[in-house]
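Fold the following, please.
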Amino acid sequence: MKTKNIILFIILSFTLASCASRPKLYPNETLKAKGKEASEADIDQCLKDADTYLDSSEGKKIVKSAGFGAAVGGAMGAVAGAFYGDIGGGAARGAAIGGTGGAVSGSLTPDQVKHRYVNQCLADKGYNVIGWN
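Got it, this is the predicted structure:
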């Protein structure tokens, strides 16, 4: 039962993390001068550009390396779980540990890469991103 709960938690976490989100802008001079409608259009363009870039071969390399820690951790956990009779639980624990290790070592999730791309795109247009919703 514990293994199923852990796996469900991991799936739910990834599902919620991949929900569409948008940047929130600081009301600086650029935002005030352009207005809400033009600013939303700039956000939409940056989001579209990010999707295009991340679908490119260079973008795919970055995203692929981001999940490496979780994949290795999951495989190692499954092997360890086989020795203790809990392959599923071992894989889930290993993926969680590997994913955390990957994050600590600088790996980024696809959403984090997209957020960074969009933040830079908007900064280039004169906006300041204060967060994402």
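
Please point out which parts of the helix ranked longest in the chain sit buried.
Longest helix in the chain, counting residues (DSSP state H): helix 29-54. Judged by neighbour count (16 or more other C-beta atoms under 10 Å), helix 29-54 contains these buried residues: Thr30, Leu31, Lys34, Ser39, Asp42, Ile43, Cys46, Leu47, Ala50, Tyr53, Leu54. (Each C-beta comes from the backbone N, C-alpha and C, glycine too.)

which of the residues you listed lies closest to Val113?
Closest approach to Val113 among the buried residues of helix 29-54 (C-beta to C-beta): Leu54, at 6.6 Å.

Look at the closest one and report its pLDDT.
You'll see Leu54 listed with a pLDDT of 85.

surely it meets Lys114?
Yes - the criterion here is C-beta atoms under 8 Å, and Leu54 meets it with Lys114 at 6.2 Å.

returning to what we had before: tell me the one of the buried residues of helix 29-54 nearest Pro110?
Lowest distance from Pro110 to these (C-beta to C-beta) belongs to Leu54, with 6.9 Å.

Distance of that closest one relative to Cys46?
Leu54 sits 12 Å away from Cys46, going by C-beta to C-beta, to the nearest Å.

anything in contact with each of these two?
Common neighbours of Leu54 and Cys46, using C-beta atoms under 8 Å, 6 or more residues apart in numbering, are Tyr117.

and this protein, what are its domains?
Here the domain parsing of the chain from automatic domain parsing is 26-67+107-133, 68-106.

where does Asn28 fall, phi/psi-wise?
As for Asn28, its main-chain torsions (degrees, to the nearest 10) stand at phi -90, psi -170.

tell me the contacts of it?
Listed by C-beta under 8 Å, 6+ apart, the contact set of Asn28 reads Gly126, Tyr127, Asn128.

does the second one really touch Ala33, like I thought?
Spelled out, that is Tyr127. No - with contact defined as C-beta under 8 Å, Tyr127 does not reach Ala33; the gap is 10.9 Å.

quick one: low-confidence ranges for this protein?
Residues of the chain meeting the criterion pLDDT under 70: 1-19, 57-108.
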